[in-house]
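Visitor: no sequence for this one, just the structure:
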């Protein structure tokens, strides 16, 4: 069989086919609805990605400060008991002896 | 009366997405006609066209208004159809044993006397559809654009993003691939 002739014949059969231009009913509405729904979804994506970024930076700051507290040597004059220091500071005015009443 | 196309595009780019709807209404028939050349099932065709429009909406800012919107859109359509072909190569290895009776009759008539087999017969259209389904995606795209739609090598290069020498090489290979498929088809039927 002459395949070259068959090739030509079939190609010209394909050329004669009318393009089918039918569009499903309200197809443009469907696309517009999809575009609108994607826009709403995009807003949520932007919001949640912002939240995630904020969370990541908070964790990073906490890690840096935690490491600093653990690794940096404490200064010589700092007390070992922070709660005691806090209490002393708070009650300093009460503990002070009242000099004005002295003769 | 509808706004001119350029105004609609500018409005969409400024955030008025409703202005995109007249563009979809105007160009969907052409996009559907193109998609039907590469996909058979209605659901697949609709998926392709949907992807074309969503991508067109997303990429509208890359559209340069020196060229017509239709050309830009059709280039995108053909590329999405090509991606579809690459993802759906299910019928390529199928045999020709399931060709219908009218198709067999048409082939018999062609073998007896090539001029007696009408080109506009429904059987011939079905047969070329089967042959095209068996081609590799690049071969099918080239045969479609070069031989069926009668486009130039330069146009095909522009549409596909391939270089002109690559289009020529792929056209040569596509014709060889099609001859091989036709030979296999006739051998399965007559030997």
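Guide: Looks like it arrived, so ask away. Quick caveat, the model's predicted, so the values are computed rather than measured.

Visitor: next to chain B, which bits of chain A? Give me the list.
Guide: Residues of chain A lying close to chain B (Cβ under 8 Å from any Cβ of the partner chain) are A:1-7, A:9-17, A:19-24, A:27-32, A:34-36, A:38-39. All C-beta atoms are positioned from the backbone trio N, CA, C, and that covers glycine.

Visitor: filter these to the buried ones?
Guide: The neighbour-count test (16 or more other Cβ atoms under 10 Å in any protein chain shown) applied to the residues of chain A next to chain B identifies A:1, A:6-7, A:9-11, A:13-14, A:17, A:23, A:27-28, A:31-32, A:35 as buried.

Visitor: now, which of those sits nearest residue A:56?
Guide: Checking those against residue A:56 with Cβ to Cβ, the nearest one is residue A:35 at 31.1 Å.

Visitor: from what I see, the closest one and residue B:18 are in contact.
Guide: No. Using Cβ atoms under 8 Å, residue A:35 makes no contact with residue B:18, being 9.6 Å away.

Visitor: next, count neighbours for residue A:68.
Guide: Per other Cβ atoms under 10 Å in any protein chain shown, the neighbour tally for residue A:68 reads 9.

Visitor: which of the helices or strands spans it?
Guide: Assessed by DSSP states H and E, residue A:68 sits inside helix A:27-71.

Visitor: report the mean confidence score over that helix.
Guide: Taken as a whole, helix A:27-71 carries a mean pLDDT of 89.

Visitor: buried residues, the next helix-or-strand element following it. List them.
Guide: Helices and strands here follow DSSP H and E; after helix A:27-71, the next one along the chain is helix A:82-90. Neighbour counts over helix A:82-90 (16+ other Cβ under 10 Å) mark no residue as buried.

Visitor: could you find the closest non-adjacent residue to residue B:132?
Guide: Spatial nearest neighbour of residue B:132, excluding adjacent residues (Cβ to Cβ, 6 or more residues apart in numbering or on different chains): residue B:140 at 5.5 Å.

Visitor: with residue B:61 instead?
Guide: Residue B:61 sits nearest to residue B:13 (Cβ to Cβ, 6+ apart), 6.1 Å away.

Visitor: the one you found against residue B:60, yeah?
Guide: Yes. Contact criterion Cβ under 8 Å: residue B:13 and residue B:60 qualify, at 6.2 Å.
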